[in-house]
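Asker: the amino acid sequence is not available; the structure is as follows:
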């Protein structure tokens, strides 16, 4: 068994990137898949949102990037779900990221680090920071599939163009394994939604069937430091992420 790596990336804030990482990871685990979430964001929202407590000095991804001798398996922590584990982040990862720019083949650091973990999981979900910096570069380089959350708002296409340029540099112009996930969809905003879909029409074939609606329980679950399926399994957000999980499980079939 070798894990399929799904990188969730966008440099625009407020798109539901971390909510998607947490919900998809939890959905895959609840579907019986051994899943690892890699929290690449120095703000550590996935780490905090999944209720993982770290003692002072406990190793995180900061150590993996700053000390190549630190194996990623050493930092992986359990979560409240049996099949869901986490490689936690730390605010000091931001400082380490700045030092990586001078490292040769810096974009390969995470992919190399994950080699020893891949055989223990069915899926690895990478939550990138909201930027196009070196940490996002490492996340994309490690991806088998790049998932781009795009909020249904004006100028949504602009953020996708920038990210696709980075993907082309890191993965090659012909790399086709990326998809767009529409998030925070408000069905009442028909004019806005039609305008956004028109702007995204050039990538129509790349847009996933599942869309994620506006759903307050998604935010509340993060505040309560648990997954949406535990917090409110019947909410619109939970049902949407269950559908996304199924779509990802069937991806490529």
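Answerer: All right, it came through fine. These figures come from a predicted structure and were not determined experimentally.
Asker: next one: the residue nearest to residue 134 when sequence neighbours are not counted from residue 56, what distance?
Answerer: Distance criterion C-beta to C-beta, 6 or more residues apart in numbering; nearest residue to residue 134, sequence neighbours excluded, is residue 100 at 4.8 Å. Any C-beta I mention is one placed from the backbone N, CA and C, and that applies to glycine too. Counting by C-beta to C-beta, to the nearest Å, the separation of residue 100 from residue 56 is 24 Å.
Asker: looking at these two, which is more packed in?
Answerer: With neighbours defined as other C-beta atoms under 10 Å, residue 100 and residue 56 compare such that residue 100 has more, 17 against 4.
Asker: what number of residues are in the vicinity of residue 167?
Answerer: Around residue 167 there are 21 residues (other C-beta under 10 Å).
Asker: tell me the secondary structure at it.
Answerer: Three-state call for residue 167 (DSSP: H, G, I helix; E, B strand; the rest coil): helix.
Asker: cool, and residue 85?
Answerer: With three-state DSSP as the criterion, residue 85 reads strand.
Asker: what distance do you get for it to residue 75?
Answerer: 10 Å.
Asker: before we move on, what about residue 131?
Answerer: Distance from residue 131 to residue 75, by C-beta to C-beta: 22 Å.
Asker: neighbour count winner among those two?
Answerer: residue 75 (22 against 17).
Asker: spit out the contact partners of the more buried one.
Answerer: By C-beta atoms under 8 Å, 6 or more residues apart in numbering, the residues touching residue 75 are 59-61, 63-64, 87-88.
Asker: grab the nearest non-local neighbour of it.
Answerer: residue 59 (4.6 Å).
Asker: isn't that neighbour up against residue 70?
Answerer: Yes - the criterion here is C-beta atoms under 8 Å, and residue 59 meets it with residue 70 at 6.2 Å.
Asker: now do the shared contacts for the two.
Answerer: By C-beta under 8 Å, 6+ apart, no residue touches both residue 59 and residue 70.
Asker: around residue 239, count how many other residues there are.
Answerer: 15.
Asker: what's the distance between it and residue 40?
Answerer: Taken as C-beta to C-beta, the span from residue 239 to residue 40 is 28 Å.
Asker: next: residue 213.
Answerer: On the measure of C-beta to C-beta, residue 213 and residue 40 end up 26 Å apart.
Asker: comparing these two, which shows the higher neighbour count?
Answerer: residue 40 (27 against 17).
Asker: contacts only, for the more buried one.
Answerer: Contacts of residue 40 by C-beta under 8 Å, 6+ apart are 61, 89, 93, 110, 126-129, 135-136, 138-139.
Asker: now which of these would you call buried?
Answerer: 61, 89, 93, 110, 126-129, 135-136, 138-139 (16 or more other C-beta atoms under 10 Å).
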